[in-house]
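# based on what follows, work out the 3D shape:
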Amino acid sequence: MTQVLNDAALDQIFRTARTFNKFQDKPGSDETLRALYELAKWGPTSMN
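Numbering: from 1, shown residues only. Model (predicted):
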């Protein structure tokens, strides 16, 4: 990796990111679930 993240990206990922502790009572779309899966499958695991 040779690119450095800019301050806006670092803020969004690390400095201002928060975990939600409640959910809205409405369904998510299949498109959103697929997009989330595509991101999550690239996350680190205990095997790599």
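# element containing the most centrally placed residue in the chain, please.
Centroid check for the chain by C-alpha atoms, centre = their mean gives residue 39 as the closest residue, at 6.8 Å. In this structure, residue 39 sits in helix 30-40 according to DSSP states H and E.
# what's the pLDDT at residue 18?
According to the prediction, residue 18 has pLDDT 87.
# what does it show for phi and psi?
phi -140, psi 150 (degrees, to the nearest 10).
# next, the contact list for it, please.
Going by C-beta atoms under 8 Å, 6 or more residues apart in numbering, residue 18 touches no other residue. Every residue, glycine included, has its C-beta placed from N, CA and C.
# that one and residue 11: what is the separation?
Per C-beta to C-beta, to the nearest Å, residue 18 is found 12 Å from residue 11.
# ok, residue 47 next?
Residue 47 is 31 Å from residue 11, by C-beta to C-beta.
# more neighbours: which of these two?
Legend: neighbour count by other C-beta atoms under 10 Å for residue 47 and residue 11, higher for residue 11 (12 against 4).
# how far away is the more buried one from residue 17?
From residue 11 over to residue 17 (counting by C-beta to C-beta), the distance is 8 Å.
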